[in-house]
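Visitor: here you go, sequence then predicted model.
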Amino acid sequence: QVQLQESGPGLVKPSQTLSLTCTVSGGSITTNVYYWSWIRQPPGKGLEWMGAIAYSGSTYYSPSLKSRTSISRDTSKNQFTLQLTSVTPEDTAVYYCARGGPTTIATIDYWGQGTQLTVSS
């Protein structure tokens, strides 16, 4: 059973860089052919796929967020990390890490529980 757990600051100020980490257990993030995604859901809105990192280390980003998003990984810790620069209140959302992708949530089979991120001064 694969389990994913997000961790992050909870509150960031506008213009800062958000960093969230997903710790994976029950499976390796380097296992062929899985992808590992970040997805968010702003209040009152639907799910938005943000980006993914493949088992190979290749990365994929939503075109609308590509200029502000970076996904990396630490294979020794079985973790992958999302960085989102220049955040605004519009980035307030519940952020999920998940297994699946790379460019759609239709292939997601395991989800983290989600972590609330609020952007506010």
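Guide: Looks like it came in fine. On a predicted model such as this, the values are computed, not experimentally measured, just so you know. Numbers count the residues shown, from 1 in each chain.
Visitor: can you tell me which residues contact the residue lying closest to G112 once chain neighbours are set aside?
Guide: Of all residues not flanking G112 in the chain, L4 sits nearest, at 3.8 Å (Cβ to Cβ, 6 or more residues apart in numbering). (C-beta placed from N, C-alpha, C; glycine too.) Shown in contact with L4 (Cβ atoms under 8 Å, 6 or more residues apart in numbering): 22-25, 97-99, 110-112.
Visitor: kindly report the same for T81.
Guide: Counting by Cβ under 8 Å, 6+ apart, T81 has contacts 19-22, 71-74.
Visitor: how about the strands in this protein?
Guide: 3-7, 11-12, 18-25, 35-41, 48-54, 59-61, 69-74, 79-84, 93-99, 110-111, 115-119 (DSSP state E).
Visitor: need the ones you listed in a markdown table with mean pLDDT, can you?
Guide: As requested, the strands of the chain are arranged in a markdown table below (pLDDT from 0 to 100):
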| stretch | mean pLDDT |
| --- | --- |
| strand 3-7 | 97 |
| strand 11-12 | 96 |
| strand 18-25 | 97 |
| strand 35-41 | 97 |
| strand 48-54 | 96 |
| strand 59-61 | 97 |
| strand 69-74 | 98 |
| strand 79-84 | 98 |
| strand 93-99 | 98 |
| strand 110-111 | 97 |
| strand 115-119 | 97 |
